[in-house]
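K.L.:
I would like the atomic coordinates for the input below:
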Amino acid sequence: MALYATKLPKLNYSLSPILNLQPQYSSRAKRTTRSLSFLNSTASLFPNFSFSKATSPFSSSSSAASYSSPPLTVTASSSSPSPSTTLTESQGIKINLVPTKPIEGQKTGTSGLRKKVKVFMQDNYLANWIQALFNSLPPEDYKNGVLVLGGDGRYFNREAAQIIIKIAAGNGVGKVLVGKEGILSTPAVSAVIRKRKANGGFIMSASHNPGGPEYDWGIKFNYSSGQPAPESITDKIYGNTLSISEIKVAEIPDVDLACLGVTKYGNFTVEVVDPVADYLELMENVFDFSLIRGLLSRPDFRFIFDAMHAVTGAYAIPIFVDKLGASLNSISNGVPLEDFGHGHPDPNLTYAKDLVNIMYGENAPDFGAASDGDGDRNMILGREFFVTPSDSVAIIGANAQEAIPYFQAGPKGLARSMPTSGALDRVAQKLNLPFYEVPTGWKFFGNLMDAGKLSICGEESFGTGSDHIREKDGIWAVLAWLSIIAYHNKDKKPGEKLFSVSDVVKEHWATYGRNFFSRYDYEECESEGANKMVEYLRDLVSRSKAGDTYGNYVLQLADDFNYIDPVDGSVASKQGVRFIFTDGSRIIFRLSGTGSAGATVRLYIEQFEPDTSKHNLDAQDALKPLIDLALSLSKLKDFTGREKPTVIT
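P.N.:
Below is the predicted model:
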């Protein structure tokens, strides 16, 4: 088990005002990894981030700022505050208006705003977006209300948390619940919002993207149900970033994020909360922990969880070890680090290679799993066996009622994202359950859940979840799989052969057939070429008709996927170019909205196989004719210059 932490070089900030951050690195700095473990409650691993008194905008001044003043900037030699004006003594604290100007490029994607961390550390970049959010919300959605704040522990989160708290107070929020050390996984934020009946919450994360000074940072807002803000709000945020002129900032000191407890500033309150407690309580209500504990305590069953030095390292020991009895050495890379230990915290066969090597090596454990940067994705492995995310959600859906107490009355409905394989469709059909196909983006599942139409859902991008919260949930998926394995082995005596991960999957294929599935990711392509390729495909779709032949495949449908929400009637258009053939095979092309630079082209290939004698074929071999067709059809190499994908799953 890798448990290490190295000290981060001291960051000296010169701020004018506090919202503009530029780090000055010590010449002795060699690494930028900080441990974010809050397991030691006696002391913080970091000094509090504090602002220079000489450059604070909160020093008393009687001069009023003109709204035509130039934007506030940061310079290392700044010795006096940029002009601001006191708005009012609101809630017993002073609120300052800080002049600013619009900043280009703050369009919010499917998972919030993601950029390189150095972009967010530019003058007022983060502050503008946060203020634009408050300008976009109805006042009743936050005035005197409660907001949750947390993140995946990546570089810049602690500094960003102080900015967000001050702007929240400046806009009249009554209380902020913030995770200790700024830590809250994305699923935990959703859980805390729902349990504490908060008005919403901020998630500081770029999910599975790398972290550190040279890499990525992100921010998104979740609403009172715990689900990501809808496009109606994110569009307003972007519009307001184009016209913003001032930021409302409360004149309060920094919050000590290392200490649990409540601090009041006038009528504004900050509560630093245990990041694990509410989430763990929810997991205990969803699953039969005694059933899982019985599996993990068996001497003939071995388990490994790779936290990838990301946020689930904070949850793994309290849940898997302390509550469920797994051994401490079953948790790998369990200390959250601000740069994820120089790794790429994306749980797939490429970036979780250490876990893959263990599970495909000699004397491998029986069950392996990993989660991503912010804890909402998962990968499931058996001994020398990889479970595709598409199969994973289908198998959870098929076994949920028997193995998981939360679903003892049966799921209300099942849903998948459009690019995800049709394996879940077949489960819904056999179990006679409502089924939904939605665009990529968890918010589309949330509407169905809030309307009582959906229980279990998933995306092929390693996201799986249910209506226990309104986000995908990596640890939930691991617990669901452990529940299924435990249920199949509950009557097995010591020495009897256990029903394995591969046994569960192959039994499922024998019942429902196998959907061979693969995804090719071409990361950080030049945006111009990627967009031209998509336009070319859309033109091809417009000229295609049912019955057209493509090699040995006959076209049933070609389109650019549009979705009409059955709950609110909203329309999401141009969600992915699809070529669907008469034998059920599919080729799909999408540009991803989760990267921070360039464009990620995603190619999805799927083929259904009912013949059990062919179920053990390698997916790449079974899909090769379709893969060759997809690359030829799209002219991907010509448009992007890419010979090979960055990641294959």
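K.L.:
list the contacts for residue 174?
P.N.:
By CB atoms under 8 Å, 6 or more residues apart in numbering, residue 174 lies in contact with 91, 143, 144, 145, 146, 267, 268, 269. (Glycine included, C-beta is placed from N, CA and C.)
K.L.:
same question, residue 636
P.N.:
Counting by CB under 8 Å, 6+ apart, residue 636 touches 522, 533, 601, 603, 630, 642.
K.L.:
what about the fourth one, distance to residue 649?
P.N.:
Going from residue 603 to residue 649 by CB to CB, to the nearest Å gives 11 Å.
K.L.:
same check on the third one?
P.N.:
In this structure, residue 601 and residue 649 are separated by 14 Å, where distance is defined by CB to CB.
K.L.:
between those two, point out the one with more neighbours.
P.N.:
Shown here are residue 601 and residue 649; by other CB atoms under 10 Å, residue 601 has more neighbours (27 against 20).
K.L.:
now the more buried one: closest residue in space that isn't a chain neighbour?
P.N.:
Spatially, and ignoring its direct neighbours in sequence, residue 601 is nearest to residue 522 (4.2 Å; CB to CB, 6 or more residues apart in numbering).
K.L.:
so that neighbour makes contact with residue 643?
P.N.:
No. Residue 522 lies out of contact with residue 643 (CB atoms under 8 Å); the separation is 9.9 Å.
K.L.:
the more surrounded of the two?
P.N.:
Per other CB under 10 Å, whichever of residue 522 and residue 643 has more neighbours is residue 522, with 24 against 8.
K.L.:
tell me the buried residues in the host helix or strand of the more buried one?
P.N.:
Residue 522 is part of strand 514-525 when elements are defined by DSSP states H and E. Going by neighbour count (16 or more other CB atoms under 10 Å), the buried part of strand 514-525 is 514, 515, 516, 517, 518, 519, 520, 521, 522, 523, 525.
K.L.:
that strand: how far from the chain's middle?
P.N.:
Centre-to-centre, strand 514-525 and its host chain are 19 Å apart (CA atoms, centre = their mean, to the nearest Å).
K.L.:
that strand - contacts with which helices or strands?
P.N.:
Packing partners of strand 514-525 (3 or more CB pairs under 8 Å, 6 or more residues apart in numbering; DSSP states H and E): helix 389-403, helix 423-431, strand 599-609, helix 619-634, helix 636-640, strand 647-648.
K.L.:
now that strand and strand 599-609, what's the angle there?
P.N.:
Inter-element angle recorded for strand 514-525 and strand 599-609: 170 degrees (by axes from the mean of the first three to the mean of the last three CA atoms, to 10 degrees).
K.L.:
enumerate the positions of the helix or strand following strand 514-525 that are buried.
P.N.:
Where DSSP H and E defines the elements, the next helix or strand beyond strand 514-525 is helix 527-543. Buried residues in helix 527-543, counting neighbours by 16+ other CB under 10 Å, are found at 529, 530, 533, 534, 536, 537.
K.L.:
residue 577 is in contact with the fourth one, correct?
P.N.:
Meaning residue 534. Yes. If you go by CB under 8 Å, residue 534 and residue 577 touch, sitting 6.7 Å apart.
K.L.:
can you work out which residues contact both of those two?
P.N.:
residue 589.
K.L.:
how about the nearest residue to residue 360, chain neighbours excluded?
P.N.:
Excluding the flanking residues, the one nearest residue 360 by CB to CB, 6+ apart is residue 384, at 5.2 Å.
K.L.:
what's near enough to touch the one you found?
P.N.:
Applying CB under 8 Å, 6+ apart, the residues near residue 384 are 359, 360, 364, 502.
K.L.:
JSON lines for these, including secondary structure and pLDDT?
P.N.:
Formatted as JSON lines, the contacts of residue 384 follow (DSSP: H, G, I helix; E, B strand; the rest coil; pLDDT from 0 to 100):
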{"residue": "359", "secondary structure": "helix", "pLDDT": "98"}
{"residue": "360", "secondary structure": "coil", "pLDDT": "97"}
{"residue": "364", "secondary structure": "coil", "pLDDT": "97"}
{"residue": "502", "secondary structure": "helix", "pLDDT": "98"}
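K.L.:
highest neighbour count among those residues?
P.N.:
Neighbour counts for the contacts of residue 384 were taken using other CB under 10 Å; the highest belongs to residue 359, with 25 neighbours.
K.L.:
surely that one is in contact with residue 382?
P.N.:
Yes. With contact defined as CB under 8 Å, residue 359 reaches residue 382; the gap is 7.3 Å.
K.L.:
shared neighbours, residue 603 and residue 649?
P.N.:
Residues touching both residue 603 and residue 649 (CB under 8 Å, 6+ apart): residue 519.
K.L.:
measure residue 166 to residue 99 for me?
P.N.:
According to CB to CB, residue 166 and residue 99 sit 16 Å apart.
K.L.:
show me which of the two is the more surrounded one.
P.N.:
Legend: neighbour count by other CB under 10 Å for residue 166 and residue 99, higher for residue 166 (31 against 21).
K.L.:
ramachandran angles for the more buried one?
P.N.:
With angles defined as degrees, to the nearest 10, residue 166 sits at phi -70, psi -40.
K.L.:
ok, it to residue 261 distance?
P.N.:
Applying CB to CB, the value for residue 166 to residue 261 is 19 Å.
K.L.:
pLDDT below threshold where in the stretch 101-250 of the chain?
P.N.:
Confidence mapping of the stretch 101-250 of the chain against pLDDT under 70 gives the ranges 110.
K.L.:
helices of that one, residue ranges please.
P.N.:
Ranges of helices within the stretch 101-250 of the chain are 117-120, 125-136, 157-170, 186-195, 231-241, based on DSSP state H, counting those that start in this stretch.
K.L.:
find the nearest non-adjacent residue to residue 592, please.
P.N.:
Closest to residue 592 by CB to CB, 6+ apart is residue 600, at 3.9 Å.
K.L.:
number of nearby residues for the one you found?
P.N.:
What residue 600 shows, counting by other CB under 10 Å, is a neighbour count of 19.
K.L.:
residues in contact with the spatially most central residue of the chain?
P.N.:
Central residue of the chain (CA atoms, centre = their mean): residue 207, 4.2 Å from the mean position. Counting by CB under 8 Å, 6+ apart, residue 207 touches 111, 152, 186, 218, 372, 373, 374, 376, 377, 594.
K.L.:
contact partners of stretch 138-146?
P.N.:
Contacts to stretch 138-146, defined as CB under 8 Å, 6+ apart, come from residues 134, 168, 171-177, 196-200, 223-224.
K.L.:
can we see that at 7 Å?
P.N.:
If you take CB atoms under 7 Å, 6 or more residues apart in numbering as the criterion, stretch 138-146 is touched by 134, 171, 172, 173, 174, 175, 177, 196, 198, 199, 200.
K.L.:
give me the residue ranges of this protein where confidence is low.
P.N.:
Applying pLDDT under 70 to the chain flags the ranges 1-91, 110, 593-597.
K.L.:
again, only this time at 80
P.N.:
In the prediction, the chain carries residues with pLDDT under 80 at positions 1-91, 109-111, 593-598.
K.L.:
show me where the stretch 201-350 of the chain has strands.
P.N.:
Secondary structure of the stretch 201-350 of the chain (DSSP state E, counting those that start in this stretch): strands at 216-223, 246-250, 261-265, 268-273, 303-306, 331-332.
K.L.:
counting by contacts, list what the longest one packs against.
P.N.:
When you say that, I think you mean strand 216-223. strand 113-116, helix 117-120, helix 125-136, helix 186-195, strand 200-204 (3 or more CB pairs under 7 Å, 6 or more residues apart in numbering; DSSP states H and E).
K.L.:
so which other helices or strands are in contact with the third one?
P.N.:
Spelled out, that is helix 125-136. If you count contacts as 3+ CB pairs under 7 Å, 6+ apart, helix 125-136 packs onto helix 157-170, strand 216-223, helix 231-241, strand 246-250.
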